[in-house]
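Participant: missing the sequence, but the structure's below:
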Ligand SMILES: CCCCCCC[C@@H](O)CC(=O)SCCNC(=O)CCNC(=O)[C@H](O)C(C)(C)COP(=O)(O)OP(=O)(O)OC[C@H]1O[C@@H](n2cnc3c(N)ncnc32)[C@H](O)[C@@H]1OP(=O)(O)O
């Protein structure tokens, strides 16, 4: 079954209510590998409640909260779910995330773009993450690359296609990064990370990974996203999670659990609050996250 633009665009998502606790906050950070080195002072406030600062939530915890799950697998979507990949993630934080809170996630599909037969389609989902009292914590945009669904607009009597999102900018080619941060990704990272709510079999089942065109299960894009955000906070914000205001990034190539991620950060000339970033896998010297933009308070 091919994608039907109107059916998919009009899909409704029930608000997802969630009460996350300090334990969830710590498990999220642990699933990214914080605490791999128990003496790492920059990681401890996110995985141990006994610090003088109290337990702190990584701002990227927002990406797993109020999440509607792996709904693309439902047959009526028309999506070839085995072939989909997370393409980009863009988040704006409006308030720091508490370590324990009742939240609600409100999702809707905002864009569906046909890139053409054999090239794929782009699906953009927006999620507003609010407290139960209605305060907006974060606005999230998830760009999904539907590798198996290009050309849908030629079917069913000519289905529409939306305008693309404003493009993210590539990182500087003419100068070395101002900061660099290295993180080891644990071999079981994807198996741990999926427990945060993204149960896409691509990250766990070797047979599904092969069907999708990979040699073995790949890491969730949002796990790499969390790692890059932590690298940025550690290098440029004294580890203060409340300072992250914006982070956009493109997932340029797959990351495999067990690899080493090197995040490279450039200062944007100006008031010192904006940065460009990318990340590469050290073992393959391959850029895996690109077109990064971040803003700190
Ligand atoms: C719906 C339910 C929600 C589900 C959410 C996700 C659930 C998760 O479980 C899934 C995951 O986490 S998957 C893991 C993370 N993602 C990845 O590993 C993807 C890595 N990226 C790739 O493989 C390629 O970039 C690839 C394959 C994405 C694109 O590569 P190419 O086809 O070679 O593209 P290229 O020829 O370079 O460019 C063609 C056009 O596409 C645009 N583009 C490229 N990479 C993009 C990307 N990552 N995201 C968005 N757009 C992208 C290019 O700009 C180009 O556009 P245009 O034709 O307009 O010039």
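Facilitator: Yes, it's here. The shown structure was predicted, so the numbers you read here are calculated from the model rather than taken from an experiment.

Participant: Show me what the lengthiest helix in the chain is packed up against.
Facilitator: As assigned by DSSP state H, the longest helix anywhere in the chain is helix 221-236. Applying 3 or more Cβ pairs under 8 Å, 6 or more residues apart in numbering; DSSP states H and E, one finds that helix 221-236 makes contact with helix 22-32, strand 84-93, strand 179-184, helix 189-193, strand 244-251, strand 260-267, strand 274-281, strand 286-296. (Glycine included, C-beta is placed from N, CA and C.)

Participant: For the residue nearest to the spatial centre of the chain, give me its contacts.
Facilitator: For the chain, the residue nearest the mean C-alpha position is residue 222 (2.9 Å; Cα atoms, centre = their mean). When contacts are counted by Cβ atoms under 8 Å, 6 or more residues apart in numbering, residue 222 touches 60, 63, 64, 86, 89, 193, 198.

Participant: Which per-residue confidence value corresponds to the closest residue to the ligand within the chain?
Facilitator: Among the residues of the chain, residue 87 lies closest to the ligand, at 2.5 Å counting by Cβ to the nearest ligand atom. At residue 87, the pLDDT value in this model is 98.

Participant: and it, how many neighbours does it have?
Facilitator: 19 (other Cβ atoms under 10 Å).

Participant: Now for the closest residue in space to it that isn't next to it in sequence, how many residues are close by?
Facilitator: Nearest residue to residue 87 in three dimensions, chain neighbours excluded: residue 145, at 3.7 Å (Cβ to Cβ, 6 or more residues apart in numbering). Applying other Cβ under 10 Å, we find 21 residues neighbouring residue 145.

Participant: The helix or strand where residue 145 lies pairs with which strands, parallel or anti?
Facilitator: Per DSSP states H and E: residue 145 is located in strand 136-146. With DSSP bridges as the test, strand 136-146 is paired with strand 84-93 (antiparallel), strand 121-131 (antiparallel).

Participant: Serialize those strands to TSV and add fields for distance to residue 189.
Facilitator: As requested, the strands paired with strand 136-146 are exported to TSV (distance: least, Cβ to Cβ, whole Å):
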stretch	distance to residue 189
strand 84-93	15
strand 121-131	23
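
Participant: List the residues that contact residue 43.
Facilitator: Counting by Cβ under 8 Å, 6+ apart, residue 43 makes contact with 29, 34, 35, 36, 37, 230.

Participant: Show me which of those are buried.
Facilitator: Buried subset of the contacts of residue 43 (neighbour count, 16 or more other Cβ atoms under 10 Å): 29, 34, 230.

Participant: Just list the residues touching residue 103, thanks.
Facilitator: 17, 18, 19, 20, 65, 66, 129, 130, 131, 132, 137.

Participant: rerun at 7 Å
Facilitator: Counting by Cβ atoms under 7 Å, 6 or more residues apart in numbering, residue 103 makes contact with 18, 20, 65, 66, 129, 130, 131, 132, 137.

Participant: The last one: how many residues sit nearby?
Facilitator: Residue 137 is surrounded by 24 other residues when neighbours are defined as other Cβ under 10 Å.

Participant: Name the nearest residue to it, sequence neighbours excluded.
Facilitator: residue 129 (4.7 Å).

Participant: so who does residue 165 touch?
Facilitator: Residues in contact with residue 165, defined by Cβ under 7 Å, 6+ apart, are 111, 124, 143.
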